[in-house]
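*Asks:* got a predicted structure plus its sequence, pasted below:
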Amino acid sequence: MNAERIAVLLITVIIAYAILTPIFKQYWIWISIVLGLILVIFAYCMFQFATFRQAMLSAIKSLGTKFLGWLRTESQEQHPTLTVPQRTTVPKETRIQAFDRARHRCQFPHCRERANLEIHHIDKDPSNHKLANLIVLCKNHHAMAQKNAYRTEQLQRWAAGVYHRRREFYR
C-alpha cells in the first residue's frame with residue numbers, strides 16, 4: 001500500500017468518525033479509542049516517513065483545491081463581478097518617495113531597523129500604489145502587518161509619522 005492510499009484512508013476514517021459518532025452514541029468510547037490509535041499511527045507515519053508526509057501534503061492540497069474550486073465557482077455565480085486585484089510592482093519614483101518619507105527606516109514606532117525593508121500596502125490592494133497607501137516596514141513588522149496584527153488606522157498614522165505614547169501597537 002503506497003503512502004497516498006494510506007493518507008486518503010486516514011482522511012476517510014477521520015471523516016467517518018465525525019459522521020458515525022453521533023449515530024452510535026452508545027459506542028462512542030470504542031470509536032474514540034479506535035480513532036486515537038489511528039491518530040497515533042498517523043502521527044508516527046508523519047514523523048517517520050518523508051514519502052508519507054509528501055503524500056499527505058499532496059492529498060490535502062488536491063482536496064483543498066477541489067473544495068476551493070467548488071467554492072469559487074459557487075461564489076462567482078452569486079457575485080459575477082468578483083475580481084482579485086493583480087499585483088504589480090510599485091513604480092520606482094513612488095518607491096523612492098516612500099523610502100525618503102520613512103528616512104530609510106522601518107516606520108513601526110521605535111523600530112530602528114534599516115536593513116531588509118519592505119513596502120506594505122495599507123489597504124491590502126496590491127495595485128493601489130498611492131503614496132498615502134504605502135508604508136515602509138522591516139521584514140518582521142511587515143510579516144505581522146500581513147497577518148493583520150495592526151489596524152489600518154494605526155498603519156496610516158505610522159506612515160504619516162504620528163505616534164502616540166500609549167501602547168497601541170497590537171489589536
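*Replies:* Thanks, I have it. Only a predicted model underlies this, so the values are computations on that prediction, with no experimental measurement involved.
*Asks:* please count neighbours and contacts with C-alpha atoms only from this point.
*Replies:* Will do.
*Asks:* which helices and strands does the strand or helix carrying I31 pack with?
*Replies:* When elements are assigned from DSSP states H and E, I31 belongs to helix 28-48. When contacts are defined as 3 or more C-alpha pairs under 8 Å, 6 or more residues apart in numbering; DSSP states H and E, helix 28-48 packs onto helix 3-23, helix 50-78.
*Asks:* mind running it again at 7 Å?
*Replies:* Packing partners of helix 28-48 (3 or more C-alpha pairs under 7 Å, 6 or more residues apart in numbering; DSSP states H and E): helix 50-78.
*Asks:* after the helix it packs on, next one along is what?
*Replies:* helix 92-101.
*Asks:* now for that following helix, which elements pack on it?
*Replies:* strand 134-138.
*Asks:* got the angle for the strand it packs on vs helix 92-101?
*Replies:* Angle, strand 134-138 to helix 92-101, by axes from the mean of the first three to the mean of the last three C-alpha atoms, to 10 degrees: 60 degrees.
*Asks:* give the buried residues for strand 134-138.
*Replies:* L134, I135, V136, L137, C138 (16 or more other C-alpha atoms under 10 Å).
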